[in-house]
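Colleague: Show me the folded form of this:
(one chain, ligands or ions: 1)
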Amino acid sequence: SDKKTAAAAAAPVQIEDDRTGLSVETLKRAFADNLFYIQGKNADIATLNDYYMALAYTVRDRLLQRWLSTIKAQLKPEVKVVYYLSAEFLMGPHLGNNLVSLGIYDQVRQAIQESGLNLEELIAQEEEPGLGNGGLGRLAACYLDSLAALEIPAVGYGLRYEFGIFDQEIRDGWQVEITDKWLRYGNPWEIARPEATVEVKLGGHTEAFVDGAGRYRVRWIPERTIVGVPYDTPVLGFKNNAANTLRLWKAEAPESFDFQAFNLGDYYGAVNAKMYSENISKVLYPNDEPLQGRELRLEQQFFFVSCSLQDIIRRHLYVGGKLEDLHNSAAIQLNDTHPSIGIAELMRLLVDEHNIDWDTAWQITQNTFAYTNHTLLPEALERWPLSLFGSLLPRHLEIIFEINRRFLQEVSAKFPGDTGRLARLSLIQEGPEKFVRMAHLASAGSHAINGVAALHSELLKRDVLRDFYELSPEKFSNKTNGVTPRRWIMLSNPELAFLISESIGDGWIKNLGELRELERFANDKEFQSRWRQIKLNNKTNLAEYIRKRTGLVVDPHSLFDIQVKRIHEYKRQHLNVLYIITLYNRLKQNPELEITPRTFIFGGKAAPGYFMAKLIIKLINSVADVVNNDPDVGGRLKVVFLPDYNVTFGQRVYPAAELSEQISTAGKEASGTGNMKFSMNGALTIGTLDGANVEIREEAGEENFFLFGLTTEEVYALKARGYNPRDYYNGNPALRQVIDQLASGVLSSGETHLFAPLVDHLLNRDEYLLLADYQSYVECQDRVGEAYRDQEHWTRMSILNSARMGKFSSDRAIREYCEDIWGAVAVDVVLEEYVQATA
Ligand code: TH1
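Modeller: Just a heads-up that it's a prediction; the model follows:
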């Protein structure tokens, strides 16, 4: 009988069991079971959140098999893995997305309905992990989705912030920040892997010594050690068997060390040291682009990068690889310079810890790393004061000096006597205070450098990285950003997805280029009216949401004109406001004026320390107060600021938009990705020739895009000649009226000083050329209003916009990275049957 039990235990368990079965009956049973055994609740006392958790665990069970099978398929020496290093991953809620990827949305909806509940309500319970600021973090999330969809072995490495991006509330028109306690009720999507913990050193000093083989070596005597504990979240591929991993590091104290070594009896001191260690992964820095050069930020960056590199090396050695071949099994992508300390850290690991000679180590490093630049804004370029850097990472500073010495030697050989060039290229910025230039470290230590849209990549070569381009032009390429159609069409706009699939089949979900086939419906009256009806439904839903969140009633039949993105002067939300005031003035002057009714919707967070951005939020809300309540306007214009813009809210917004505001000063927005989400969902764009707008217009056709404003060249030329915003103010009565109103207090209940800093900035500096672009923007907006009156034509343009956005799938972007930069290929995953473990 012993034999029999052993045989039974080893035999595969036959599905459909409660943890893998996909039938409605099984799903219902599993859901009830999880409510009882995991949440410890029954229907009498269960909260909505308990139900959400029970469902989340039901779904999680169903993805584990894919995840483990994927790990098995990928854990082989010949497999090349992409490691995407990013300080931010803005994943958005997992539940709905996992249902889409598993292809079980409909079964689960039914199972939940038959359980007396509503799936959409449960999905809405999920607290989104806001581990990013905006486009950069969301791009990382879209790329993980595409990597899994394409079955490319990949790991996303980052930080498991205890507090993500703050929640935004609006009080009296001002932004108020609330701590984001996203882990409050637990996170069913992550699994801790304490057995894979790694140690990270900080501070202290270095010592030279001669090793047993007579080699000169250096050792780092750190002042403190932190422990990194990985938390893994599976990332499913769309309807395939692949599930990659997002591995986020939590900082902890190595308790035994603190207690025994030097805190004998000092209990409070030891606890204090523990809190100090855990600080590192406490909170996401809430600045989108301008950086805060804080020590804790550098600690965060080094911490997650060191953990990740040690993990990568461990895996490589585990499958039997040699470190000399690391680049054959690992492609490490730096998502901006935030993880670029990895270049010095890999050199240290190879040279100091694995005893590899410098030249070989440098070859490995350069062949392994690649760097994506996401911004040209000078205030966003990371540089660390030498003093701060050296006290936290003394060994890395030495390594950077040595990299720099050799690097500048190469430069001298190629450009003899060109000392200016040496100074410009140096990894160290000289001056009264010296800095480490992280973009230079990233560029010197990578084999590939890319920008995120065609225009941006050109400007990189011409501007910020010009000397690097002249030195190594072969390193440079463009990789225009993309977004995942799974989350941004399928999940967020199900009615549109259904109409598209009904018309052209469902191949577009994996191959977005197929949307082109919609072009043949652009003039089809029946199709047009269904297209319009879906937009109207989405607008009605958004209107209901606006009413719930703000109490404002907006008309779903008005033109929904939307600007959602981080609040920043270069993104020019206040240019949009100048137009709103202009329209308002026209109506005040002539209340009978015929205008297209519009609802202006804004959403976005301001960095807590960015005064001007916060003032812009106050401005939007002040103008909203005036416009929304003036009887002369008669409800024809509405202005809404929707608080707490995030991924969840984005999913409601893009499908409901008719006009997408992409109005940054040309040359300032590296790419933008919201612009793509809008257009895919049928919004038309009003925009400048900036970032990816250029390519969106190219694809959509210029007749289906509302273009205005100065070009990048014109911006440069105007600034070179000497820009004086007052010329525009003096020469344009409508503009002058608007600016005067801002200064006069009529828009701020008589508080004349409120917007003075804004007015002052616009009139005296206007770095982002709002006044120069004002007239062109107004005329363009007027054309939009006109165009909207011809609904048939508008719908045609809308269909063509969606049909032509295939290029902006993140699948296309990831294919390009794989082919041109990573040399990574798909690995087929065979589903392993679940076999009960035997001892
Ligand atoms: C954004 C860019 O502003 C945006 O244009 C682009 O579409 C997006 O990245 C993805 O490529 C950036 N976000 C950050 C965030 C930080 C620092 C620099 C940038 S650039 C913290």
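
Colleague: what secondary structure does Glu661 sit in?
Modeller: strand (DSSP: H, G, I helix; E, B strand; the rest coil).

Colleague: show me what contacts it?
Modeller: Taking C-beta atoms under 8 Å, 6 or more residues apart in numbering, we find Glu661 in contact with Asp561, Ile562, Gln563, Asn576, Ile686, Gly687. (Each C-beta comes from the backbone N, C-alpha and C, glycine too.)

Colleague: Show me those residues that map onto helices.
Modeller: Counting by DSSP state H, the contacts of Glu661 place Asn576 in helices.

Colleague: what ranges do the strands span in the stretch 451-600 of the chain?
Modeller: Read by DSSP state E, counting those that start in this stretch, the stretch 451-600 of the chain holds these strands, from start to end of the chain: 476-478, 559-564, 598-603.

Colleague: returning to that earlier point: buried subset of the contacts of Glu661?
Modeller: Under a neighbour-count criterion of 16 or more other C-beta atoms under 10 Å, the subset of the contacts of Glu661 counted as buried comprises Asp561, Ile562, Gln563, Asn576, Ile686, Gly687.

Colleague: Gly320: which of those residues is nearest?
Modeller: Compare each of the buried ones among the contacts of Glu661 with Gly320 using C-beta to C-beta and the shortest gap goes to Gly687, at 51.8 Å.

Colleague: The nearest residue to Ser776 once chain neighbours are set aside and Cys780, how far apart?
Modeller: Counting by C-beta to C-beta, 6 or more residues apart in numbering, Ser776 lies nearest to Phe708, which is 4.3 Å off, once chain neighbours are set aside. Relative to Cys780, Phe708 is positioned 4 Å away (C-beta to C-beta, to the nearest Å).

Colleague: With Glu162 instead?
Modeller: From Glu162 over to Cys780 (counting by C-beta to C-beta), the distance is 45 Å.

Colleague: quick one: low-confidence parts of the chain?
Modeller: By pLDDT under 70, the weakly predicted segments of the chain are 1-15, 255-265, 835-839.

Colleague: State the distance from the spatially closest residue to Leu183 that is not a sequence neighbour to Arg224.
Modeller: Spatial nearest neighbour of Leu183, chain neighbours left out: Glu162 (6.4 Å); criterion: C-beta to C-beta, 6+ apart. Taking C-beta to C-beta as the measure, Glu162 falls 20 Å from Arg224.

Colleague: what do you get for Gly505?
Modeller: When C-beta to C-beta is the yardstick, Gly505 and Arg224 sit 59 Å from each other.

Colleague: between the two, who's got more neighbours?
Modeller: In terms of neighbours (other C-beta atoms under 10 Å), Arg224 is the more surrounded of Gly505 and Arg224; the figures are 16 against 11.

Colleague: thinking again about what came up before, which residues does the residue nearest to Ser776 contact?
Modeller: Applying C-beta under 8 Å, 6+ apart, one finds that Phe708 lies in contact with Ile663, Ile686, Gly687, Thr688, Asp773, Ser776, Tyr777, Glu779, Cys780.

Colleague: Am I right that Glu714 is in contact with Ala666?
Modeller: Yes - counting by C-beta atoms under 8 Å, Ala666 is a contact partner of Glu714 at 7.4 Å.

Colleague: and the two? which has more neighbours close in?
Modeller: Ala666 (23 against 16).

Colleague: how about that one, what does it touch?
Modeller: Under the criterion of C-beta under 8 Å, 6+ apart, the neighbours of Ala666 are Thr688, Leu689, Asp690, Gly709, Leu710, Thr711, Thr712, Glu714, Val715.

Colleague: and stretch 743-755, C-alpha only, in CSV?
Modeller: Written as CSV, here are the backbone C-alpha positions of stretch 743-755 (Å, rounded to 0.1, in the frame of the first residue of the first chain):
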residue,chain,number,x,y,z
ALA,A,743,-3.5,89.9,-13.2
SER,A,744,-6.6,91.7,-12.3
GLY,A,745,-8.2,89.1,-10.0
VAL,A,746,-11.4,88.6,-11.9
LEU,A,747,-10.5,85.0,-12.2
SER,A,748,-9.4,84.6,-8.6
SER,A,749,-12.3,86.2,-6.6
GLY,A,750,-10.5,89.5,-6.5
GLU,A,751,-7.2,88.1,-5.2
THR,A,752,-4.9,90.1,-7.5
HIS,A,753,-1.7,88.6,-6.3
LEU,A,754,-2.7,85.0,-6.7
PHE,A,755,-1.6,84.6,-10.3
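
Colleague: which outside residues touch that stretch?
Modeller: Counting by C-beta under 8 Å, 6+ apart, the neighbours of stretch 743-755 from elsewhere in the structure are Ile581, Leu615, Lys618, Leu619, Ser622, Val623, Val626, Gln741, Leu742, Ala756, Val759.

Colleague: Quick one: name the residues of this protein near the ligand.
Modeller: For the chain, the contact set with the ligand under C-beta under 6 Å from any ligand atom comprises 133-136, 139, 287-289, 336, 374-375, 380, 452, 481, 669-673, 691.

Colleague: go again using 8 Å as the cut-off
Modeller: Residues of the chain lying close to the ligand (C-beta under 8 Å from any ligand atom) are 87-88, 133-139, 285, 287-289, 291, 336, 338, 372, 374-375, 377, 380, 452-453, 456, 481, 669-673, 691-692.

Colleague: Please identify the pairing partners of the longest strand seen in the chain and their relative orientation?
Modeller: In the chain, with assignment by DSSP state E, the single longest strand is strand 224-236. Strands adjacent to strand 224-236 in the sheet, as given by DSSP bridges, are strand 191-192 (antiparallel), strand 198-202 (antiparallel), strand 243-252 (antiparallel).

Colleague: In a markdown table: the ones you listed, plus mean neighbour count and distance to Leu491.
Modeller: Formatted as a markdown table, the entries for the strands paired with strand 224-236 read as follows, by neighbours: other C-beta atoms under 10 Å; distance: least, C-beta to C-beta, whole Å:
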| stretch | mean neighbour count | distance to Leu491 |
| --- | --- | --- |
| strand 191-192 | 14 | 23 |
| strand 198-202 | 19 | 35 |
| strand 243-252 | 24 | 18 |
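
Colleague: Tell me which of those lies nearest to Asn537.
Modeller: Closest approach to Asn537 among those (C-beta to C-beta): strand 243-252, 33.3 Å.

Colleague: Would you mind writing the CA trace of the closest one as CSV?
Modeller: Output of strand 243-252 as CSV, limited to C-alpha atoms (Å, rounded to 0.1, in the frame of the first residue of the first chain):
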residue,chain,number,x,y,z
ALA,A,243,4.6,34.7,-17.8
ASN,A,244,7.7,36.8,-17.2
THR,A,245,8.7,38.3,-13.9
LEU,A,246,8.6,41.8,-12.4
ARG,A,247,11.1,41.6,-9.5
LEU,A,248,11.0,44.5,-7.1
TRP,A,249,13.4,44.9,-4.2
LYS,A,250,12.5,45.8,-0.6
ALA,A,251,15.2,47.1,1.7
GLU,A,252,15.6,45.5,5.0
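
Colleague: how close does Lys677 sit to Ile686?
Modeller: When distances are taken as C-beta to C-beta, Lys677 and Ile686 turn out to be 16 Å apart.
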